[in-house]
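Engineer: after the sequence you'll find the predicted model.
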Amino acid sequence: MSFGVVGMEEERGAAAAAAAAEEIRRLPAEVNWEMLDKSRFFVLGAALFSGVSAALYPAVVVKTHLQVAPPPQAATATVSAILRRDGLRGFYRGFGASLAGTVPARALYMAALEATKSSVGSAALRFGVSEPAASAVASAAAGVSAAVAAQVVWTPVDVISQRLMVQTSATTRYSGGADAFRKILLADGVRGLYRGFGLSIITYAPSNAVWWASYAMAQRFVWRVVGTDRSESYPALMAALVTMPLDTVKTRLQVMETDAAAARPTLASTMRGLLKEGGWAACYRGLGPRWGSMSLSAATMVTTYEFLKRLSAKEGSFD
């Protein structure tokens, strides 16, 4: 190949890179709800977050075991015990039930997030709020709205999947998600499926508000600068530390079985039992796996969510 041909190839490559950079620069900083092809958005979003859920599910299983096991145990010992007892499939107990709920829950989450962000942002701008401030306020409100909407589905899914997670081959009570749903409904009624609903809102709504407000302020930079060194591990660690006790109590409350002769577990009785068992340290069992899964989830959201929205934009939205 001659030097002339090489030079032409380099020029073409440079021209293509420049055209791609220009395309990114001309994209709007925010792809709003009205610009999205909803069907494409939900289908692509379901595929994306199902993959994320599958990747992070083993960490959730380990966290749940650590939170509900009476004697304190190291995460490595819990992993070894699950492997010895059930093999690799032990890390995916209840995954079918969890995945079945993830799709509608994520659809509710994304719809509430984008619709609220669009309506609150437009209202804030009409009141004369600056665009960056309006975006941050709208994103915070959207985070709260999305967390509340998704918990309508996620709480029953958590109750069912967590009970499937902690049962072993020797202590099998439920044959699957449908069987667990039926037995919980018969034993405790609908309220049994919504144990910990209030705690879930308290746990996730504030952290969602802070996370999405922060994301709104940084997303233009994140979108334009690929490979940014912005780390998601520190805010994820702070969120995990603050909300971990609530998550541990919620998990125990949801997993505890109800016997006919026993009193129905309450938030206060669950908290007292946990503190009696191991003091405040017991409230932080499973912190490592939870922090890891939150960090990976946050990193995935930052690096892929704007791409998802742009892939889902209607034709002509950027003209």
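Structural biologist: Received it, and whenever you're ready, just let me know what you need.

Engineer: contacts only, for the residue lying closest to S135 once chain neighbours are set aside.
Structural biologist: Spatial nearest neighbour of S135, excluding adjacent residues (CB to CB, 6 or more residues apart in numbering): A216 at 4.6 Å. No exception for glycine: its C-beta is placed from N, CA and C like everyone else's. For A216, the contacting residues are 135-136, 138-139, by CB atoms under 8 Å, 6 or more residues apart in numbering.

Engineer: end to end on stretch 157-173, go ahead and measure it.
Structural biologist: Taking CA to CA, to the nearest Å, stretch 157-173 runs 17 Å from one end to the other.

Engineer: check which residues of it are buried.
Structural biologist: The neighbour-count check on stretch 157-173 (16 or more other CB atoms under 10 Å) flags 157-167 as buried.

Engineer: could you list which of those residues belong to helices?
Structural biologist: 157-166 (DSSP state H).

Engineer: just the residues you listed now: which is nearest F95?
Structural biologist: Nearest to F95 among those, counting by CB to CB, is S161 at 7.5 Å.

Engineer: wait, that closest one sits on G94?
Structural biologist: Yes - between S161 and G94 a contact is recorded at 3.8 Å, counting by CB atoms under 8 Å.

Engineer: overlap in contacts, these two.
Structural biologist: G177.

Engineer: ok, back up a step: switch the ones in helices among the buried residues of stretch 157-173 over to JSON lines; also include pLDDT.
Structural biologist: Below are those laid out as JSON lines (pLDDT from 0 to 100):
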{"residue": "V157", "pLDDT": "94"}
{"residue": "D158", "pLDDT": "92"}
{"residue": "V159", "pLDDT": "93"}
{"residue": "I160", "pLDDT": "94"}
{"residue": "S161", "pLDDT": "94"}
{"residue": "Q162", "pLDDT": "93"}
{"residue": "R163", "pLDDT": "92"}
{"residue": "L164", "pLDDT": "93"}
{"residue": "M165", "pLDDT": "92"}
{"residue": "V166", "pLDDT": "88"}
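
Engineer: filter the contacts of A216 to the buried ones?
Structural biologist: 135-136, 138-139.

Engineer: show me where pLDDT drops low in this protein?
Structural biologist: 1-30, 71-72, 218-240, 257-263, 302-303, 316-319 (pLDDT under 70).
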